[in-house]
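Colleague: Just to be clear, the model below is a prediction. Sequence and coordinates:
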Amino acid sequence: MKKILYSLTALIMCTMLTASCNSANNQAATDSTGKDSVKTTSVADTTGWETVFNGTDFTGWRGYNRTDMPKAWTIEDGAIKINGSGKGEAGAKDGGDIILDKKYKNFEMTFEWKVSEGGNSGVFYLAQEVPGKPIYESSPEYQILDNAKHPDAKLGKDGNRQSASLYDLVPAKPQNAKPAGEWNTGGIIVYKGTVIHQQNGENVVEYHLWTDDWKNMVANSKFKNWPNFLNAGGEKQEGYIGLQDHGDDVWFRNIKIKNLD
């Protein structure tokens, strides 16, 4: 009986210590304003979410089709920032798109973003690294845009170049982006070909990769001669997640991914 009581006591003590440690860790992840800090670990938590940007360095990230990080990308107040060249897609020698150095197949992704006035960027997914080819030739794009001042907002069809749209293909509806300089929440879900874009708490885009509808949509677009775009994800239907340098100042933070495989 003494052994049983001793075991129960030890178990209770361990449980109390674990709870205390968890409480301390949660408190440590909160800044002086009471808001969650962006400086979290890159290890998946108990619900499967992995923080893939730690707020302090570019661990896990690199330039597209290169092994280093382009110098135009910096970290500012716990956020990834692309310091725009002011030259649009022409860019500068120290710029370029970046990718998370890990491929994903079925996943859910959440992030926060804000743009400078007239700013433009994007989040790529299921991207392939094709030597000599830009990332956008193989990857669908979640559009990041200042809808009020960037001319792309008035181009395309039915607003399909506005924020959170599947760029140049499917418009985000409702269009609920916040003005330049304010933080937005974004989300992307990819599951067995079904893709959902989220913006500020709402599902704003839904489409289905590799279906007849997808093939017809691509065939009637500017992407029609890009086989890697049509077959986004390649043979294994998986690929990289990337952030676009479009020549403007843009910020990203709280980037988290849950693997759905």
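Modeller: That came through, no problem.

Colleague: any idea of the pLDDT on residue 17?
Modeller: You'll see residue 17 listed with a pLDDT of 40.

Colleague: And for residue 8?
Modeller: At residue 8, the pLDDT value in this model is 39.

Colleague: Can you tell me the closest non-neighbouring residue to residue 213?
Modeller: Leaving aside its sequence neighbours, residue 213 sits nearest to residue 207 (CB to CB, 6 or more residues apart in numbering; 7.5 Å). No exception for glycine: its C-beta is placed from N, CA and C like everyone else's.

Colleague: That neighbour contacts residue 165, correct?
Modeller: No: assessed by CB atoms under 8 Å, residue 207 is found out of contact with residue 165, at 10.7 Å.

Colleague: Could you measure from the closest residue in space to residue 230 that isn't next to it in sequence over to residue 146?
Modeller: In space, and not counting its chain neighbours, residue 230 is closest to residue 218: 5.1 Å by CB to CB, 6+ apart. Residue 218 sits 27 Å away from residue 146 when distances are taken as CB to CB, to the nearest Å.

Colleague: The residue nearest to residue 230 belongs to a helix?
Modeller: Yes: if the criterion is DSSP: H, G, I helix; E, B strand; the rest coil, then residue 218 is within a helix.

Colleague: I'd like to know how many residues surround it.
Modeller: Summarising burial for residue 218: neighbours were counted as other CB atoms under 10 Å, giving 20.

Colleague: got a list of what it touches?
Modeller: 169, 224, 229-230 (CB atoms under 8 Å, 6 or more residues apart in numbering).

Colleague: switch the cut-off to 10 Å
Modeller: Taking CB atoms under 10 Å, 6 or more residues apart in numbering as the criterion, residue 218 is in contact with 169, 209, 224-227, 229-232.

Colleague: State the pair within these that is farthest apart.
Modeller: 209 and 225 (18.3 Å; CB to CB).

Colleague: Residue 76 contacts residue 56, doesn't it?
Modeller: No: counting by CB atoms under 10 Å, residue 76 stays clear of residue 56, with 11.5 Å between them.

Colleague: Helix or strand for residue 257, just tell me which one.
Modeller: Residue 257 is part of strand 250-259, with elements assigned from DSSP states H and E.

Colleague: before we move on, what about residue 102?
Modeller: Following DSSP H and E, there is no helix or strand that holds residue 102.

Colleague: what sits against it?
Modeller: 50, 52, 60-61, 238, 240-241, 257, 259.

Colleague: Please indicate which of these are buried?
Modeller: The neighbour count (16 or more other CB atoms under 10 Å) marks 50, 52, 61, 238, 240-241, 257 as buried among those.

Colleague: before we move on, the earlier item: which one's more surrounded, residue 207 and residue 165?
Modeller: residue 165 (28 against 17).

Colleague: re the thing from before, how about the strand holding residue 257, which residues are buried there?
Modeller: Buried residues in strand 250-259 (16+ other CB under 10 Å): 250-258.

Colleague: from those residues, which is closest to residue 126?
Modeller: residue 257 (13.1 Å).
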